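**Student:** give me a 3D structure for the following:
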Amino acid sequence: MIILIVLGVIAAVLVIAALWIAGIYNALVGLRNRFKNAFAQIDVQLKRRYDLIPNLVETAKGYMKHESSTLEAVIKARNIAAAAASAAAANPADANAMKGLLSAEAGLGGALSRLMVVSEQYPDLKANQNMMQLTEELTSTENKVSFARQAYNDAVMAYNTAREIFPNVVFAGMFGFLPAELFKIEDPTERNAPKVSFN
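**Tutor:** Numbers count the residues shown, from 1 in each chain. Here you go, the predicted model:
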């Protein structure tokens, strides 16, 4: 009789422990899915920006015939950033893919800034209605990327914190919950969105 009670207590402890571990696992899955969804919101805005850039370049081409290298640099940087965004969207938890995206975005931001500086030298381009509309849309998209990035970083912070606290840290590595990378810009000079105003 005592053996049955002991076995019953051991079985109850094992069931409670299994439920507790399952709770940790499920909480980490929920937090991982939340930051992946938050990255998907960034991805939507980045794709919108990548779609606007060729139109911006095409509009500028007619006015900036002597600046073809600047225009080509923007398109090249846009293509690199779009490829990096696709890789990061496939697995936002991959730190290397996220670092590649951050690097590509920094390159694109620099190329866009150079385009805007050069375009200031062309008054007819600045007055072009299509160019003004595109730059306004690009500015709006940049703001949306910033908000989406903030939401993503908040979700990553919650996930990373949850996987690092005790006792979750004991099981996180065992279940394959690796740290997620924040979407942050390393170079302080690149923290500002490219200026796209023609006023």
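
**Student:** so after the helix ranked longest in the chain, what's the next helix or strand?
**Tutor:** The residue-count maximum for a helix in the chain (DSSP state H) belongs to helix 2-61. In the C-terminal direction, the helix or strand that comes right after helix 2-61 (DSSP states H and E) is helix 68-90.

**Student:** packing partners of that next one?
**Tutor:** helix 2-61, helix 95-119 (3 or more CB pairs under 8 Å, 6 or more residues apart in numbering; DSSP states H and E). Every residue, glycine included, has its C-beta placed from N, CA and C.

**Student:** go through stretch 132-152 and flag the buried ones.
**Tutor:** Judged by neighbour count using 16 or more other CB atoms under 10 Å, the buried positions of stretch 132-152 are 132, 134-135, 137-138, 141-142, 144-145, 148-149, 151-152.

**Student:** contacting residues around the residue lying closest to M98 once chain neighbours are set aside?
**Tutor:** For M98, the nearest residue in space outside its immediate sequence neighbours is E181; the separation is 3.9 Å by CB to CB, 6 or more residues apart in numbering. With contacts taken as CB atoms under 8 Å, 6 or more residues apart in numbering, E181 has the following neighbours: D94, A95, M98, K99, V156.

**Student:** ok, F39 next?
**Tutor:** Remark: with contacts taken as CB under 8 Å, 6+ apart, F39 is in contact with A88, A89, P92, Y152, F183.

**Student:** mind running it again at 10 Å?
**Tutor:** Counting by CB atoms under 10 Å, 6 or more residues apart in numbering, F39 touches 46, 85, 88-89, 91-93, 98, 101, 148-149, 151-152, 155-156, 180, 183.

**Student:** again, but for N55
**Tutor:** N130, M131, Q133, L134, E137, L138.

**Student:** ok, now G176?
**Tutor:** Contacts of G176 by CB under 10 Å, 6+ apart are L28, R32, A93.

**Student:** write the PyMOL selection for whichever of those residues are buried.
**Tutor:** In PyMOL, a selection of the buried entries from the contacts of G176 looks like this (16+ other CB under 10 Å):
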select buried, resi 28+32+93
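
**Student:** coming back round to it: quick check on the contacts of F39: which are buried?
**Tutor:** Neighbour counting over the contacts of F39 (16+ other CB under 10 Å) leaves 46, 85, 88-89, 92-93, 98, 101, 148-149, 151-152, 155-156, 180, 183 as the buried ones.

**Student:** out of the residues you listed, the closest to V170 would be?
**Tutor:** A180 (18.7 Å; CB to CB).

**Student:** gap between that closest one and E105?
**Tutor:** Using CB to CB, to the nearest Å, A180 is found at 17 Å from E105.
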